[in-house]
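Enquirer: Below are the sequence and a predicted model for it; my questions follow.
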Amino acid sequence: MRKKVLIIGANGFTGRRILDDLSRNHSYQVAGCSLHEDIAPESGNYHFIRTDICDDKALAKLFEELKPDAVINTSALSVPDYCETHHEEADAINITAVENLAKHCQACGSRLIHLSTDFVFSGHTDRLYTEEDTPAPVNYYGYTKWEGEKRIAAICQNYAIVRVVVVYGAALPGQHGNILQLVANRLRSNEEIFVVSDQWRTPTYVGDVSQGVEKLITHPYNGIYHICGSDCLTISDIALRVADILGLNRSLIRPVTTQEMGEKTPRPQFSGLSIEKVRKELGYQPHTLDEGIHLMFEL
């Protein structure tokens, strides 16, 4: 019997990659849902349903129709600056909808795999965060994502929370880009770009997120899993790596400190995540940043 998998946020950057990968695998019967119509119709062997996950009646109907074995939630309001000034909207998507989703998964016997973020952490450290470290978010986005995590752990008997960091790869038309694509586009247009030099991350190739999530569908344990890259470096170093690999003008990249950047919303200074747990439990092996850039730009 093929496992029935529902991917929520299937028009999004990460959700679409998971949808594409799983729909090519005959082990799964795949459905995707999003607030909007399918951005790439007839691109794979899946069923697509337009659904607002903030509408609990619509969620109930979705579960009644599909009866999924596993639900992968990639949807979120994930722009920190927007969340900082739109608390009600952030709460509705990142907390309330997640709680309702958890209740439906529990009632239906579905395994819930929920994507979260490194932004649940404060960043006041100089070592990689493990799954055992206690979150202490410094912005409202991080707060809502941590609240979502807590609701799932309190409700679900079968779940995995997946924290990802700076997910990158080639985006489809209509999808939000990512920092690597932005850097490449600016440099190709011969434009200067200011990039923060004192914030450390473990950037993640989107295909690795998809690989890790698939492993968690049948994983027998519950809990939190850090699915990200193994390279920990500053955002300006990531930008410089893109320039060097693509043969673009690195002198157009202007590294600046967080204070000089003057971002309105605080970000964690160091939010690199350890992947030792997933290496041991899942056999997870991510691409290096250099390998991921080559894949992203098809070099």
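Expert: Looks like it came in fine. All values derive from a computational prediction rather than experimental measurement.

Enquirer: List the beta-bridge partners for His47.
Expert: Under the criterion DSSP bridges, His47 forms beta bridges with Ala31.

Enquirer: give the contact list for it.
Expert: For His47, the contacting residues are Val30, Ala31, Gly32, by CB atoms under 8 Å, 6 or more residues apart in numbering. Glycine gets a C-beta too; all of them are placed from N, C-alpha and C.

Enquirer: all helices of the chain, in order?
Expert: Counting by DSSP state H, the chain has helices at residues 13-23, 56-66, 80-85, 87-91, 97-108, 140-155, 179-188, 206-217, 235-246, 258-261, 276-282, 289-296.

Enquirer: okay, those, which one's buried deepest?
Expert: Mean neighbour count (mean count of other CB atoms under 10 Å) peaks for helix 13-23 among those, with a mean of 24.

Enquirer: and the angle from that one to helix 179-188?
Expert: Per axes from the mean of the first three to the mean of the last three CA atoms, to 10 degrees, the angle that helix 13-23 makes with helix 179-188 is 110 degrees.

Enquirer: and helix 13-23, what other elements does it pack with?
Expert: If you count contacts as 3 or more CB pairs under 8 Å, 6 or more residues apart in numbering; DSSP states H and E, helix 13-23 packs onto strand 3-8, strand 28-34, helix 206-217.

Enquirer: so where's the stretch 151-299 of the chain shaky on pLDDT?
Expert: By pLDDT under 70, the stretch 151-299 of the chain has no low-scoring segment.

Enquirer: hang on, the earlier thing: any chance of the helices and strands packed on helix 13-23 in CSV with distance to Phe270 as columns?
Expert: Output for the helices and strands packed on helix 13-23, formatted as CSV (distance: least, CB to CB, whole Å):
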stretch, distance to Phe270
strand 3-8, 30
strand 28-34, 33
helix 206-217, 21
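
Enquirer: Neighbours of the spatially closest residue to Asn11 that is not a sequence neighbour, how many?
Expert: With sequence-adjacent residues excluded and distances taken as CB to CB, 6 or more residues apart in numbering, Asn11 is closest to Ser34, at 4.0 Å. By other CB atoms under 10 Å, 24 other residues sit near Ser34.

Enquirer: Asn73: which of the helices of the chain is closest?
Expert: Closest to Asn73 of the helices of the chain is helix 97-108 (CB to CB; 6.0 Å).

Enquirer: what angle sits between that closest one and strand 3-8?
Expert: Using the same axes, to 10 degrees, helix 97-108 lies at 160 degrees relative to strand 3-8.

Enquirer: Which elements pack onto helix 97-108?
Expert: Using 3+ CB pairs under 8 Å, 6+ apart, helix 97-108 is in contact with helix 56-66, strand 70-73, strand 111-117, helix 140-155.

Enquirer: can I get these in a markdown table with distance to Arg163?
Expert: Shown next, in a markdown table, are these (distance: least, CB to CB, whole Å):
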| stretch | distance to Arg163 |
| --- | --- |
| helix 56-66 | 24 |
| strand 70-73 | 13 |
| strand 111-117 | 5 |
| helix 140-155 | 9 |
